[in-house]
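*Asks:* Fold the following, please.
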Amino acid sequence: MRAIDTRIDPESCIGCGECVRVCPSWAISLEGDKAVVTGEWSIGCGHCAAVCPSGAVTVGFIDPDAVSLKSVFTDDRYVPPGEYDSAELVRLMRSRRSCRNYSEKPVPLEILQDLVRIGTTAPSGTNSQMWTFTLVPDRRSVMVLGQAVADFFRKLNRQAENPALRLLARLFMKDALGEYHREYYEAVKEGLRQFEEEGVDRLFHGASAVILVGSEPGAACPAEDALLASQNILLAAHAMGLGSCLIGFVVEAMKHDSRIRRLLGIPKEEKVHSVIALGYPDEEYQEPAGRRMVSPSPS
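*Replies:* Predicted structure coming up:
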């Protein structure tokens, strides 16, 4: 919650009460035939301003340029429920794939910045908007990050090769090292070999840019917020002609190796929840890929 910074112009207010109905903080009331700010705190969602038919409400928290895009022309008109082509939306969702083959074409910085702005249109718990975005904007920087992650997994593989350490992990760490050895060791070993001997990028798959999505302390549900923003970025990237792929190995490495965080200039109090590889795809699909059947359970 924030100290309220909402203002209502009494000359413009028509007393419809819509702002009162939509305010989740109960910070606005009708007094006579005018809406007035009566609360002290707000989540700063801006619903009151968005619903006002006379433009009487302004919210100081909101920056009108926060989601202005440079690389895409946007129509700022509100789309009411049911007035968008749901079939096309589903088509976009089904067509987005995890890309593992990229061309060498660089992604312009303004497109990466626009993707971050698009990410911030996602919902967040109590409208905290406490996500963070770190750009790795070019192929050289991506490879520097890849080398740091490779160093971490090289060290982890050496530990996993040691039976005594696996036994200790089984006794005191819920078998975390043993599970890694069984599930990932061989694949990581081969990936490291290809990276070192052949220059094959099995981590970022040749992507020319990366966006890390994290959170600052104090968010109500930081991981969920970051993943919702990530999904916005993934879908927007596809619509803008880019391929994308979530790279979970980097997230895991950053949990255990503070050097990677320092390399990227990420403060220690921030948590990184997703890492998105981006670039122009060097692969072409003929149809959307399928999904396994899911049967919703009755409540």
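
*Asks:* okay, CA-based contacts and neighbour counts for the rest of this
*Replies:* Fine.

*Asks:* Could you find the closest non-adjacent residue to residue 61?
*Replies:* Sequence neighbours aside, residue 44 is the residue nearest to residue 61 in space, at 6.1 Å (criterion: CA to CA, 6 or more residues apart in numbering).

*Asks:* same thing with residue 115?
*Replies:* Nearest one to residue 115, counting by CA to CA, 6+ apart, is residue 233 at 5.6 Å.

*Asks:* What of residue 273?
*Replies:* Here the residue nearest residue 273, using CA to CA, 6+ apart, is residue 214, at 5.2 Å.

*Asks:* who's the one you found bridged to?
*Replies:* residue 132, residue 272 (DSSP bridges).

*Asks:* contacting residues for it?
*Replies:* The neighbours of residue 214, taking CA atoms under 8 Å, 6 or more residues apart in numbering as the test, are 131, 132, 133, 222, 223, 226, 270, 271, 272, 273, 274.

*Asks:* tell me the strands in the stretch 101-250 of the chain, going along the chain?
*Replies:* 131-136, 209-215, 243-246 (DSSP state E, counting those that start in this stretch).

*Asks:* quick one: which of the contacts of residue 214 is most hemmed in?
*Replies:* Within the contacts of residue 214, most neighbours by other CA atoms under 10 Å means residue 226, with 28 neighbours.

*Asks:* Could you measure from that residue over to residue 122?
*Replies:* 9 Å (CA to CA, to the nearest Å).

*Asks:* So which residues of this structure form helices?
*Replies:* Under the criterion DSSP state H, the chain contains helices at 18-22, 47-51, 86-95, 109-119, 139-160, 163-172, 176-183, 185-193, 222-239, 248-256, 258-264.

*Asks:* Need those in JSON lines (columns: distance to residue 40 and mean pLDDT).
*Replies:* Listed next are the helices of the chain as JSON lines, based on distance: least, CA to CA, whole Å; pLDDT from 0 to 100:
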{"stretch": "helix 18-22", "distance to residue 40": "15", "mean pLDDT": "96"}
{"stretch": "helix 47-51", "distance to residue 40": "15", "mean pLDDT": "95"}
{"stretch": "helix 86-95", "distance to residue 40": "39", "mean pLDDT": "96"}
{"stretch": "helix 109-119", "distance to residue 40": "29", "mean pLDDT": "97"}
{"stretch": "helix 139-160", "distance to residue 40": "45", "mean pLDDT": "96"}
{"stretch": "helix 163-172", "distance to residue 40": "49", "mean pLDDT": "92"}
{"stretch": "helix 176-183", "distance to residue 40": "48", "mean pLDDT": "94"}
{"stretch": "helix 185-193", "distance to residue 40": "54", "mean pLDDT": "95"}
{"stretch": "helix 222-239", "distance to residue 40": "25", "mean pLDDT": "98"}
{"stretch": "helix 248-256", "distance to residue 40": "38", "mean pLDDT": "96"}
{"stretch": "helix 258-264", "distance to residue 40": "38", "mean pLDDT": "95"}
